[in-house]
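>>> Here is a sequence with its predicted model. Questions after.
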Amino acid sequence: YKLQPQINKMTKESKMTKDQIVKVENRMDKGKNRLIFVSIIMTLLIFISFFVPLGFLPNKRGYAFSELQKELTLSQSIGLLPTLIFLLLMVFLFFVVVIRHTKYLKLKKDLKEKGTLTFETKIIRVVELLGDTEKEFDVFLEQNDAGLEKLNYLISEFPDLRDGDSIKVTITQNAKFVLSTETLNMRSL
């Protein structure tokens, strides 16, 4: 074993449990739902571009379409090739953003390999955020073997988490999706 700082113990590799597999599958389902939502939005955008006359689209008061333009679709107004290029760029951009944000492909690889990493680290900073329905916070971690720099939690999950606390985290190997977190020792207040 190579020497590690006392706070950051060696990363332990193991296989996913059935509960962890279900957790990853649920996360992938959320990613699929987002991809479906983006597909619906893109289908609507394509439909609007080719079939809805500009006169039916909302516009700013400062810009009024001429009577001739109101009867044309976007593809007829700006041309077929520019419309196709615009739509292809939008489709590509939306799908890349959703796939990167949801880590869908990495989670799929994690399900195939079923590997996890468990490590202990120390919290160096906790930053409170305003969530939609409940407060959440970003937890910045000391440098660790897994290469994980930050976690995000709801206040209800760990209400007493503070700078200096030690935690044990289990993540997937590729997507670094958090499967479990456990507080080891709380910093004395």
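Yes, it's here.

>>> Tell me the buried residues in stretch 39-47?
L45, I46 (16 or more other C-beta atoms under 10 Å). C-betas here are computed from N, CA, C, even on glycine.

>>> I would like the residues contacting that stretch, please.
Where contact means C-beta atoms under 8 Å, 6 or more residues apart in numbering, the residues beyond stretch 39-47 that reach it are L87, M90, V91, F94.

>>> Which single one of the residues you listed is nearest to D145?
Comparing the contacts of stretch 39-47 against D145 with C-beta to C-beta picks out F94 as the nearest, at 34.9 Å.

>>> Please flag which of the contacts of stretch 39-47 sit within strands.
Secondary structure from DSSP state E places none of the contacts of stretch 39-47 in strands.

>>> can those residues go into JSON lines with extra columns for distance to I40?
What follows is the contacts of stretch 39-47, written out as JSON lines (distance: C-beta to C-beta, whole Å):
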{"residue": "L87", "distance to I40": "15"}
{"residue": "M90", "distance to I40": "14"}
{"residue": "V91", "distance to I40": "12"}
{"residue": "F94", "distance to I40": "11"}
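
>>> Just give the number of residues close to K122.
20 (other C-beta atoms under 10 Å).

>>> so it, which of the three states?
Put simply, K122 is strand when judged by DSSP: H, G, I helix; E, B strand; the rest coil.

>>> separation between it and V139?
Counting by C-beta to C-beta, to the nearest Å, the separation of K122 from V139 is 11 Å.

>>> list residues touching both of the two?
I167.

>>> Give me the below-cutoff pLDDT ranges for this protein.
For the chain, applying pLDDT under 70 flags the ranges 1-10, 55-70, 131-133, 186-189.

>>> how about a cut-off of 80?
1-11, 54-74, 77, 130-135, 154-160, 185-189 (pLDDT under 80).

>>> so where do the helices sit in it?
For the chain, applying DSSP state H gives helices covering 18-51, 67-70, 74-78, 80-102, 104-113.

>>> With distance to N174 added, can I get those in CSV?
Formatted as CSV, the helices of the chain follow (distance: least, C-beta to C-beta, whole Å):
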stretch, distance to N174
helix 18-51, 10
helix 67-70, 50
helix 74-78, 40
helix 80-102, 13
helix 104-113, 4
